[in-house]
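Enquirer: Sequence and predicted structure, then a few things I'm wondering about:
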Amino acid sequence: ETTTADKLQAGFDSLNKEVSSIDRVLTKEAKKVDRAVTRKAKPITKKLNKEVKKATKETKKVIKKVDKETKVVMKKMDKKTEVVTNKAKKLANAVEKETKALVGGGDVSQPKGSGIDVSKLKVCKDARGGCL
């Protein structure tokens, strides 16, 4: 004769068998869904990768062009800076020559006695005073 414990054990065994069967079916269905999603996503991913590659290529072209233009502009700026520097040097030399001529010294030939008496010159730090 079967006891209550035997009946319960038989019920648990039957239930366990059903759960295992359901689990196998669910696993099988999950794999099918996963494969379907992968198949659908593959062309989209491929297209996205292609677009990214294209955008990267265009970006590299633009960067190359900007670098080239920057070099051209920098060359022009260097030339203009050189011209300005040369003009500034010429002006500085001219001012120095004039100053030496006024003071009466240096390599500029001035008649003797002409020029400024340096002993009466004041040297000032700024417009507010502080003169020596």
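Expert: Structure received. Numbers count the residues shown, from 1 in each chain.

Enquirer: where along this protein do the helices fall?
Expert: In order along the chain, the chain carries the following helices (DSSP state H): 4-103.

Enquirer: roughly how far apart are Val66 and Lys76?
Expert: Distance from Val66 to Lys76, counting by Cβ to Cβ, to the nearest Å: 16 Å. For every residue, glycine as well, the C-beta is placed using N, CA and C.

Enquirer: where does this protein have low pLDDT?
Expert: Scanning the chain for pLDDT under 70 picks out the ranges 1, 104-132.

Enquirer: Grab the most central residue of it for me.
Expert: Closest to where the C-alpha atoms of the chain average out (Cα atoms, centre = their mean) is Ile63, at 11.4 Å.

Enquirer: Neighbours of Ala101, how many?
Expert: In terms of burial, Ala101 registers 16 neighbours under the definition other Cβ atoms under 10 Å.

Enquirer: wait, I meant Val103
Expert: As a measure of burial, Val103 has 15 neighbours, counting by other Cβ under 10 Å.

Enquirer: from now on call the first residue 827
Expert: Taking 827 as the first residue, the last one we looked at is Val929.

Enquirer: From Lys923, how far off is it?
Expert: If you measure Val929 against Lys923 using Cβ to Cβ, the figure is 11 Å.
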